[in-house]
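Engineer: Just a sequence and a predicted model for now, questions to come.
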Amino acid sequence: MTEPVAAPLMLGRDRALFGEAALAATGLVYLLTVDPHDPRAWAPSCPVKAVTRLDCPACGGLRLAHDLLHGDVHAAVYDNLFLLVTSPLLAYQLSCHWRALRAGEAHRVPPALAYALAGTALAWMAVRNLPRWPLKPRRGAPGLFLTA
Ligand SMILES: [Zn+2]
C-alpha cells in the first residue's frame, strides 16, 4: 500500500494568480500613498520617452491610476485620455485573463481587438505629441498644468 501524497498547497496557476494579485495590490497601495505627479516620487522611467523624448501611449498611466484612485477624473483626463477611455476594456481583458488562468486555460485577446488597440495606441501617441495638444499631464506641484 502506498502512502497518500499531500496535495501541493498551491497549484502553479494559483501561484501565478496570487502573484499577479499581490503585485496589483502592492501597486494600488503604492499609488494610494505616493503621488507620481511629484518629481521626487519614485516611478519607473519610460524607455520610449528616454530614447525619443516623446510620450508613449502609456505615459501618464501611473498618474492616471493615482488620480482615479483619489477620485480626480478631471486630472485623469489630462494624464492619459487613451488609457482612461480604454481602461474598462483593458480591465475586462484582464479579468478574462485571470478567469482563464484560474481554469488552467490560455487567454487570447481576439486578433481584431489587438490590432484595433495597437493602431489606436499609435494614433494616440502621434496626436498627444503634437505641439499644441492641450491635454498634457500635470507635473510638479499639484494644480499646476505645465506644457513642457
Ligand atoms: Zn511612456
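Structural biologist: Arrived safely.
Engineer: from here on, contacts and neighbour counts on C-alpha atoms
Structural biologist: OK.
Engineer: Please report how far Ala25 lies from Leu31.
Structural biologist: 10 Å (Cα to Cα, to the nearest Å).
Engineer: of these two, who's got more company?
Structural biologist: Neighbour count, other Cα atoms under 10 Å: between Ala25 and Leu31, Leu31 has more, with 21 against 12.
Engineer: Can you classify the more buried one by secondary structure?
Structural biologist: Using DSSP: H, G, I helix; E, B strand; the rest coil, the structure places Leu31 in helix.
Engineer: now do Arg108
Structural biologist: coil.
Engineer: Nearest spatial neighbour of it, chain-adjacent residues omitted?
Structural biologist: Using Cα to Cα, 6 or more residues apart in numbering and skipping residues adjacent in sequence, the residue nearest Arg108 is His97, 8.0 Å away.
Engineer: Name the SS class of that neighbour, please.
Structural biologist: What three-state DSSP gives for His97 is helix.
Engineer: Do I have it right that it meets His107?
Structural biologist: Yes: if you go by Cα atoms under 8 Å, His97 and His107 touch, sitting 5.3 Å apart.
Engineer: What count of nearby residues applies to the residue of the chain found nearest the ion?
Structural biologist: Closest contact between the chain and the ion, by Cα to the ion, is at Cys59 (3.6 Å). Using other Cα under 10 Å, Cys59 has 19 neighbouring residues.
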